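**Student:** Sequence and predicted structure below; questions after.
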Amino acid sequence: MKVARPASPGNERHLVPANATFRSVISTTDDIGPPAHGYRVSMLRIRTLGASEITMAGTRVGVEQPMSFALLLLIAVNGAGVERRELAATLWPNASDRDRSHRLRSLLHRLRRMGAPLACAGATVSLDAAALDFRELVTLPASLDVVRERVTAIGAVLPGLVVSSPALADRLDDVRDLIVGTVMRWLTAAIALARQANDWSLVDRLARAAQLVDPADDRAVLQQAEAACLTGEPQRAVALLDALTARKETDEAVSIAAAKLRRRISALDVRSDSRVAIPPLVGRVEIVRRLWSAVARAADGRGGAIVLWGPAGIGKTRLLRELDAVRLTSATRLVRLEARAAHGLRPFAMILELAACLLEEPGAAGCDPRAYGLLIRARDAGVPNDPAVCEESFRDALAELLAAVSDESLTILTIDDVHAVDGAIWRVLRSLIRWSADRRLLWVFAYRALHESELASLPEPSIVQRVRVQCLDATAAATLTRTVAPSRTVDHDQLFDVAGGHPLLLQAVARTGGDVPAELEWLVDDCIGRLGAEALRALRLVAASGTVTPGALADLGIFDRAELWAILGELERAGMIREEGGELRAHGVWAAAVLGGLLAAPVMSER
């Protein structure tokens, strides 16, 4: 019995034969039909990925019974049945014909007693009801939901299965090739879907699975490195790339791509300020996915704009930094600006600063000469503080420059703290963002606000997508504080009680043991100052009460009931209060702020 080798793109030893289609066996119970010859017959399920085991009628056959496992596997893979003589010769090549026949009869008899649905017809042996796990992957995935569901079951192929017979080992190698080819073909399609959706954490999971299935696949290591770059793990990416390029047998194309990615990481490290530690990104999976989806659309010529909004220290800047990774795996241009207080005094100073940055980019020389000259002169001479003059003079010129730059490559413009600019600038930006709709150009802004009503100066949501950056939940908060204070003596639940889900405050109290540093008092004051009078009153009542039910607050008669629910929702989203077991409690930092004096209670404790 010779099993044909299947095919996977780019690997000649992986060719799926035409007769390797999956035959689905559906049953509401493990029993298949009535007992045959006095034996209980059951569905036989064979697991080849992540474990080597067969289950039937409540009985398990694993690698500790290699001959039984191999026999059932070979029969199941062949499908149409195997001749007894060939099967016996494969299992016991050194035994006599008579001895082989006796051993095979004994083994088949024992397996039938265990519940294997074996069918013996003349000189052939087959299985009436067998399900092989890898055949679930014959059909390529059509959606990411299918990918996420099935990738968890993928692991090493036939792990731990060792046989002494060289002939049997050769046959099992053929089966391994069939399994590897089928699974790698599925994984290749799944990775393409995940990359298209810019779900890089899923790409990483799939690439890790591919490496387990085929440890010799260099491309899986390269894909892990790319995913590590795009999920904020450049150090891991470097380690993977260094290990890959150190291999003597690495595929040449993969080796060249790995070296190119390694150079990009090094160049990015040089441009970055290594003295500034970048905090870990936790609890932001959905926002990151939206950002990468916007990048993918812009790369296809469907540009636009996104504004990340939330209170100070909530993590907007950290999310903008996540886009730095786009330069590692593609020829994307990223221009990063930060608004300052001066930009609020000179309405169009930010436009001029943006133009100055773009003039230094490759491709700027392709700009219309008149527009290029106007922008060069403005950059060298400064810009008048006249909105009418600036709007008329620079909007069209800047559009010409943006067209020249984005025609050459995908361009991402990030502007942090854009709340600081003069509102008049949005007339120009609104026009440019609408113009970007059919360009390879993406605008990403960060805007400080506690309520959406503070975004009134921005263009309508149909032009600039609004993405609220909220506080972390308790689980994500504990993940963040553990990276800052990994000691087992730290009570991370208590840190959350103190700071709520505010990332910057969480990191600060984790470092100090519970104290809010003086340099962050402005942040607390800024958030408190953005609360409305009724929200501030409700926060004070919750803080003063220690714990209170929403019903008890409503019974005070101070608030309209409908208004109270909206206020409590606002405070909870802001990370100032939380509800547990129907009772409200204010987080320590915010309770201390509204009741007078910032909290200074250490929270380190021995467990």
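**Tutor:** Here it is on my side, so go on.
**Student:** can you give me the strands in the stretch 51-200 of the chain?
**Tutor:** 53-56, 59-62, 82-83, 118-121, 124-127, 130-132 (DSSP state E, counting those that start in this stretch).
**Student:** quick one, which of these is packed in tightest?
**Tutor:** Highest mean neighbour count among those (mean count of other CB atoms under 10 Å): strand 130-132, with a mean of 22. All C-beta atoms are positioned from the backbone trio N, CA, C, and that covers glycine.
**Student:** Now name the helix or strand holding residue 444.
**Tutor:** Assigned by DSSP states H and E, residue 444 belongs to strand 441-448.
**Student:** measure residue 372 to residue 404 for me?
**Tutor:** Between residue 372 and residue 404 the computed distance is 8 Å (CB to CB, to the nearest Å).
**Student:** what do these two both touch?
**Tutor:** 364, 365 (CB atoms under 8 Å, 6 or more residues apart in numbering).
**Student:** So residue 368 versus residue 405, what's the distance?
**Tutor:** 12 Å.
**Student:** and what of residue 82?
**Tutor:** Distance from residue 82 to residue 405, by CB to CB: 65 Å.
**Student:** now swap in residue 486 and tell me
**Tutor:** Applying CB to CB to residue 486 and residue 405 gives a distance of 44 Å.
**Student:** and the two? which has more neighbours close in?
**Tutor:** It is residue 405, of residue 486 and residue 405, that has more neighbours when counted by other CB atoms under 10 Å, with 24 against 9.
**Student:** isn't that one right up against residue 358?
**Tutor:** Yes. Residue 405 is within contact range of residue 358, at 5.6 Å (criterion: CB atoms under 8 Å).
**Student:** any common contacting residues for those two?
**Tutor:** Joint contacts of residue 405 and residue 358 (CB under 8 Å, 6+ apart) are residue 364.
**Student:** if we can go back for a sec, redo the strands of the stretch 51-200 of the chain as TSV? Include distance to residue 583 and mean pLDDT.
**Tutor:** Below are the strands of the stretch 51-200 of the chain laid out as TSV (distance: least, CB to CB, whole Å; pLDDT from 0 to 100):
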stretch	distance to residue 583	mean pLDDT
strand 53-56	48	91
strand 59-62	49	90
strand 82-83	68	87
strand 118-121	63	83
strand 124-127	60	87
strand 130-132	51	90
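**Student:** so which of the ones you listed comes closest to residue 512?
**Tutor:** Proximity to residue 512 (CB to CB) singles out strand 53-56 among these, at 51.6 Å.
**Student:** and the gap between residue 303 and residue 350?
**Tutor:** From residue 303 to residue 350 the distance is 19 Å (CB to CB).
**Student:** same check, this time on residue 245
**Tutor:** When residue 245 is compared with residue 350 (using CB to CB), they lie 43 Å apart.
**Student:** Out of those two, name the residue with the larger neighbour count.
**Tutor:** residue 350 (24 against 15).
**Student:** got a list of what residue 266 touches?
**Tutor:** Applying CB under 8 Å, 6+ apart, no residues contact residue 266.
**Student:** Now do the contacts for the spatially closest residue to residue 218 that is not a sequence neighbour.
**Tutor:** Leaving aside its chain neighbours, residue 218 sits nearest to residue 254 (4.3 Å; criterion: CB to CB, 6 or more residues apart in numbering). The contact partners of residue 254, by CB under 8 Å, 6+ apart, come to 218, 219, 221, 222, 244.
**Student:** ranges for the helices of the stretch 1-150 of the chain?
**Tutor:** In the stretch 1-150 of the chain, the segments counted as helices under DSSP state H, counting those that start in this stretch are 66-78, 84-91, 97-114, 144-151.
**Student:** Compare those and report which one is nearest to residue 591.
**Tutor:** Nearest of these (CB to CB): helix 144-151, 40.4 Å.
**Student:** And for the closest one, what's in contact with it?
**Tutor:** 136, 137, 141, 190, 193, 194, 197, 199, 202, 205, 206, 209.
**Student:** which SS state does residue 259 fall under?
**Tutor:** helix (DSSP: H, G, I helix; E, B strand; the rest coil).
**Student:** Inside helices: which ones of the contacts of residue 254?
**Tutor:** 218, 219, 221, 222, 244 (DSSP state H).
**Student:** domain ranges for the protein?
**Tutor:** Following automatic domain parsing, one finds the domains of the chain at 1-180, 181-271, 285-468, 474-595.
**Student:** Adding distance to residue 279, write these out as JSON lines.
**Tutor:** JSON lines is the format used below for the domains of the chain (distance: least, CB to CB, whole Å):
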{"stretch": "domain 1-180", "distance to residue 279": "27"}
{"stretch": "domain 181-271", "distance to residue 279": "10"}
{"stretch": "domain 285-468", "distance to residue 279": "6"}
{"stretch": "domain 474-595", "distance to residue 279": "6"}
